[in-house]
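Novice: Prediction below, plus the sequence it came from.
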Amino acid sequence: MTDTPTTSPVSAAPASGGVAPNGVDALRAEHIAKRFGALTALRDVNLRLGKGEVLGLIGDNGAGKSTLIKILCGFHKPDAGRIFVNGEEVTLRSVDHARSLGIDTVYQDLALINELSVYHNMFLNREVVRWPLLNNRVMRRQAKAHLADMGVNIPDVTVEVAKLSGGQRQAIAVARSVYSDAKILLLDEPLAAMGAKEGALILDLVSDLKRRGDVSIIIIAHNYAQVLPVCDRVNLLQHGEITLDKRTSETSAEELTDLVVAEYRAARRNRQPS
Ligand SMILES: Nc1ncnc2c1ncn2[C@@H]1O[C@H](COP(=O)(O)OP(=O)(O)OP(=O)(O)O)[C@@H](O)[C@H]1O
Ligand SMILES: [Mg+2]
C-alpha cells in the first residue's frame, strides 16, 4: 500500500450511489480502521450498501478487501469505526452474531472442512436436527436440490469436499450462503476458481437474487468486465480507503482497470531512486 491516493476518498454520506427507497441502508460502515501489527490494512473506510443493492468491491491484491469483509461479518474486530445494520448501530461480536443479524459470507479461503462431506459442509453451523440427532436425510436431499438448482454438477453429495475441484468447492460455499436466509451476502471472490460456465452460473444467481430485491450483496472480484453487469454500484478500495463510489452506469471496466494500474505505476515510480 502506498501513501499517495490517486482519487479523492469518499465521505460516509451517500455518494453518487443510489439511496435506498426507504432511506435506510442494509449495511453501512463508517471510518473503519484495522491494523495488523505495523501494517495498516484499512485506514478510514466508509461504505454503504443499499437494500436490494449489489455492490462491487474492487481493489488490487492486498488492498484490504478481505479484511473489510471479515470485519463486516464479525470475524475481525475493527480498531476503529462504526457499523450499522438496517440503520441500527451494532458491535459484531462474532460470525455467529453477524449471521443472527442476517449477514452471511463466502470467504475467499472458503471455510469448508475438508474431511466433511459436501452436504455436511453445506449445512455447517446450520445443521438440520431431528432431536437428538442430525437429520442427514433431509440435509442430503436439500443439498442435492440446491446444487441442482444452481446447475452445479456434483454427482455425490456424500463425498468429502477434499476430493473436489477448486471450482466445485467454491460452488458449495456460494450455495451455502445463497440458500441461507441471509439478507446481506458478502461474497469474497466467488468467481476466483470458477471456469467460464460456473462463473456465469454464480453471476446468474446473483442476478436472480437481485431481481427478488430482498437480498443486498457485496461482491469482490478482480475481473471487472465479468462482474460489473450484475452490480448496481462499484467501490474501489485503495490506500485503506474507498476512493471511488460510482453507479456502474457511470463507469466502465476500462476506467477501473486504468485506476488500479495507475496506482501500481505510481507506487513503482515512488520506489525508484530519482
Ligand atoms: N490476519 C492477518 N495478519 C496479518 N496481516 C494480515 C492479515 N490479514 C490480512 N493481512 C494483511 O493485510 C493486507 C490486506 O489483506 P487482504 O487479504 O485484506 O487484501 P485483499 O484486498 O483481500 O487482497 P487479495 O485481492 O489478494 O485477496 C495485506 O497486506 C495482508 O498481508
Ligand atoms: Mg482478498
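Specialist: Looks like it came in fine. Residues are numbered from 1 along each chain as shown. Ligands and ions are numbered 1, 2, ... in the order given.
Novice: Can you tell me how far Pro78 is from Glu127?
Specialist: 30 Å (CB to CB, to the nearest Å). All C-beta spots, glycine's among them, are computed from the backbone N, C-alpha and C.
Novice: On the three-state scheme, the residue of the stretch 101-250 of the chain found nearest ligand 2 is what?
Specialist: Taking CB to the ion, ligand 2 has its nearest neighbour within the stretch 101-250 of the chain at Gln108, 4.6 Å off. Using DSSP: H, G, I helix; E, B strand; the rest coil, the structure places Gln108 in coil.
Novice: let's have the chain start at 329 instead
Specialist: Okay, using 329 as the starting number, the last item reads as Gln436.
Novice: Report the spatially nearest residue to it, omitting neighbours in sequence.
Specialist: Of all residues not flanking Gln436 in the chain, Asp516 sits nearest, at 4.2 Å (CB to CB, 6 or more residues apart in numbering).
Novice: Next, that neighbour: phi, psi?
Specialist: phi -90, psi 100 (degrees, to the nearest 10).
Novice: what about the closest residue to Cys401 other than its chain neighbours, how many residues close to it?
Specialist: Nearest residue to Cys401, sequence neighbours excluded (CB to CB, 6+ apart): Thr433, at 4.1 Å. By other CB atoms under 10 Å, 25 other residues sit near Thr433.
Novice: and the strand or helix carrying Thr433, C-alpha only, in CSV?
Specialist: For Thr433, the host element (DSSP states H and E) is strand 431-434. C-alpha atoms of strand 431-434 as CSV (Å, rounded to 0.1, in the frame of the first residue of the first chain):
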residue,chain,number,x,y,z
ILE,A,431,-25.2,-11.4,7.3
ASP,A,432,-23.7,-14.4,5.6
THR,A,433,-20.3,-14.7,4.0
VAL,A,434,-18.5,-16.7,1.3
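Novice: Fine by me, we can end here.
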